[in-house]
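> here's my sequence, what's the structure:
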Amino acid sequence: MKTIPEFLKEFGNYLRDIEALHRKSKIEQKKMESAKMKTFFSFLERVTGLKPEEYSYDAFIVKSSRPDAVTGNVVVEFEDDLSLISEIREAEEQLKKYIRDLYAKEPRKYWGIASDGLI
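Numbering: from 1, shown residues only. This next block holds a predicted model:
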């Protein structure tokens, strides 16, 4: 685990990486979400030491669709721009569906996180 100054340095690097992705506005939406997701999990690994095999964003198929990431009981959904109400609503609906379907398979408390890399 990182110290607070190390975390703040890594977080600053993460924000610069996300900002750089936003400057590449010609990237199509799905590629942008994927790039943000990879940037986020790279940051997560640097600050927590979690390795990719400790979470998965490919292993969980939920009724023909999949959450962007699931680790333990946390479900993560990445969107392009959560400053837009329509994106927030889409993320909420997707998270509700994923959590409902995961709960049906394994009843326990799940947490949903929506992010656009910045929020």
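> need the phi and psi values for Leu102.
phi -70, psi -40 (degrees, to the nearest 10).
> same deal with Val76?
phi -120, psi 130.
> count the neighbours of it for me.
When counting by other CB atoms under 10 Å, one arrives at 23 neighbours for Val76. Where C-beta positions appear, they are placed from N, C-alpha and C, glycine not excepted.
> low-scoring stretches of the chain, by residue?
The model of the chain has pLDDT under 70 over residues 1, 25-27, 29-30, 51-64, 119.
> now do the strands in it.
For the chain, the strands defined by DSSP state E occupy 69-71, 74-78, 111-115.
> take these and lay them out in a markdown table including distance to Glu92.
Output for these, formatted as a markdown table (distance: least, CB to CB, whole Å):
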| stretch | distance to Glu92 |
| --- | --- |
| strand 69-71 | 17 |
| strand 74-78 | 9 |
| strand 111-115 | 7 |
